[in-house]
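Trainee: Quick one, what's the 3D model for this:
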Amino acid sequence: MASIEVKSRSKSIKPYSSNELTTDSYVQELIDELSIDNHISKHRLRITKLHNGKQVPLVAHETFAQNGIPKGSENFQLYAKDLGPQISWRTVFLVEYFGPFIFHPLFYFFSIFYGVKPFPHTITQTIAFNLVLLHFLKREYETVFVHKFSNATMPIFNIFKNSTHYWILSGFNLAYFVYAPTNHYTGILSYVFHVNELPNWATISLVLLWAFAEFSNFTTHKILSDLRNQDAKKYVIPHGCGFDLVSCPNYFFESLSWFAYALLVGNWSAWVFFVVSTGQMWLWAVKKHKRYLKTFGDDYKKLKRKVMIPYIL
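Mentor: Prediction:
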């Protein structure tokens with residue numbers, strides 16, 4: 001057995017000592033002990049070790065040895081932090097994706113927000129309305145029936161920050177500027193509220209591109225979910241539906257769907273959302289690509305996959 005001294009980084013956690021575990025024990029076992037001793041949810045606890053002057057979080061489903069504690073150590077010191085009130089990731093996703101279901105019907109059906117009488121929407125506006133709601137309906141379905149989450153919870157206050165992107169950028173931003181009466185404004189406002197009216201062949205082509213991207217995005221999520229059917233904590237190299245070309249085809253296909261949407265509507269707000277969302281997905285893709293390289297080493301490197309965009313980046 002090892003003597004583990006746990007120092008507190010939060011007022012809500014008492015210092016703790018454990019003599020029941022070894023370096024082959026899982027970190028989660030220590031978290032469970034701390035949870036009972038402090039009468040606090042285990043999801044609020046983070047265990048760290050001090051390395052080069054920095055607090056490095058330990059992976060709960062790995063052993064202390066796997067987290068870098070020398071195997072067989074009889075004495076070592078760790079730290080515990082209270083992450084505060086938590087909320088499930090599934091709930092966070094459901095709340096995030098619900099924003100567009102409020103803003104889009106609101107601005108599409110109620111002309112009062114534009115200070116005009118009811119008016120007929122153009123074909124492009126109607127198609128755009130349906131595409132956005134279908135996209136987020138797919139997102140909600142995936143959240144409930146497809147996605148598997150590595151972490152059970154996140155700090156509850158992060159829900160407000162995470163929801164900004166969907167409630168404001170893809171909610172208010174897209175809805176207000178895309179569904180306005182196109183012939184009502186003049187001067188610079190005609191550009192602010194501009195919506196394309198493309199030839200039928202172009203409109204149909206962009207809708208088909210959007211549908212292909214959305215279906216492919218769903219397929220990649222299903223592939224990732226199926227890999228974790230046996231062990232939600234185990235990382236496996238994914239294959240198929242773009243995974244053989246890039247590390248994150250799910251982000252590529254989602255970006256492609258919003259690219260098709262932006263081309264369809266032609267409004268500046270759609271392009272802003274496309275750029276911001278693609279930029280954020282690129283940052284996530286880079287992190288995931290590095291994690292794959294670190295986790296699988298040469299087995300992954302030899303696959304020569306790009307990060308997010310096939311054959312390019």
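Trainee: shaky segments in the stretch 101-250 of the chain?
Mentor: Scanning the stretch 101-250 of the chain for pLDDT under 70 picks out the ranges 229-234.
Trainee: swap the cut-off to 80 and go again
Mentor: 149-152, 154, 157-158, 161-162, 228-235 (pLDDT under 80).
Trainee: what about the helices in it?
Mentor: 123-145, 158-164, 174-178, 188-192, 200-227, 249-265 (DSSP state H, counting those that start in this stretch).
Trainee: Out of these, which is closest to residue 30?
Mentor: Judged by CB to CB, the one of these that comes nearest to residue 30 is helix 158-164, at 24.8 Å. Bear in mind the C-beta positions are built from the backbone N, C-alpha and C, glycine included.
Trainee: ok, residues contacting that closest one?
Mentor: 87, 92, 95-96, 99 (CB atoms under 8 Å, 6 or more residues apart in numbering).
Trainee: Secondary structure added to those, as TSV?
Mentor: Listed next are these as TSV, based on DSSP: H, G, I helix; E, B strand; the rest coil:
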residue	secondary structure
87	strand
92	helix
95	helix
96	helix
99	helix
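Trainee: how far out from the middle of the chain is stretch 26-43?
Mentor: Averaged C-alpha coordinates place stretch 26-43 at 27 Å from its chain's average position (CA atoms, centre = their mean, to the nearest Å).
Trainee: List the buried residues of that stretch.
Mentor: 26-31, 33-34, 38, 40, 42-43 (16 or more other CB atoms under 10 Å).
Trainee: Put the alpha carbons of that stretch into PDB.
Mentor: Extracted C-alpha coordinates of stretch 26-43, given in PDB (Å, rounded to 0.1, in the frame of the first residue of the first chain):
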ATOM      1  CA  TYR A  26      -7.300   3.900 -10.300                       C
ATOM      2  CA  VAL A  27      -7.500   7.600  -9.600                       C
ATOM      3  CA  GLN A  28     -11.300   7.200  -9.500                       C
ATOM      4  CA  GLU A  29     -11.000   5.200  -6.400                       C
ATOM      5  CA  LEU A  30      -9.300   8.100  -4.600                       C
ATOM      6  CA  ILE A  31     -12.000  10.500  -6.000                       C
ATOM      7  CA  ASP A  32     -14.700   8.200  -4.500                       C
ATOM      8  CA  GLU A  33     -13.000   8.300  -1.100                       C
ATOM      9  CA  LEU A  34     -12.800  12.100  -1.200                       C
ATOM     10  CA  SER A  35     -16.400  12.300  -2.300                       C
ATOM     11  CA  ILE A  36     -17.600  10.300   0.700                       C
ATOM     12  CA  ASP A  37     -15.300  12.100   3.200                       C
ATOM     13  CA  ASN A  38     -16.300  15.500   2.100                       C
ATOM     14  CA  HIS A  39     -20.000  14.800   1.300                       C
ATOM     15  CA  ILE A  40     -19.500  16.200  -2.200                       C
ATOM     16  CA  SER A  41     -20.400  14.900  -5.600                       C
ATOM     17  CA  LYS A  42     -17.500  13.000  -7.300                       C
ATOM     18  CA  HIS A  43     -18.200  14.900 -10.500                       C
END
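Trainee: Averaged pLDDT, that stretch. What do you get?
Mentor: Mean pLDDT, computed over stretch 26-43, is 91.
Trainee: about what we covered before: quick one: which of the helices of the stretch 101-250 of the chain is nearest residue 236?
Mentor: helix 200-227 (4.6 Å).
Trainee: circling back: which of the buried residues of stretch 26-43 fall within helices?
Mentor: Of these, the ones assigned to helices by DSSP state H are 27-31, 33-34, 38.
Trainee: between the residues you listed, which is nearest residue 295?
Mentor: Nearest member of these to residue 295, counting by CB to CB, is residue 27, at 17.8 Å.
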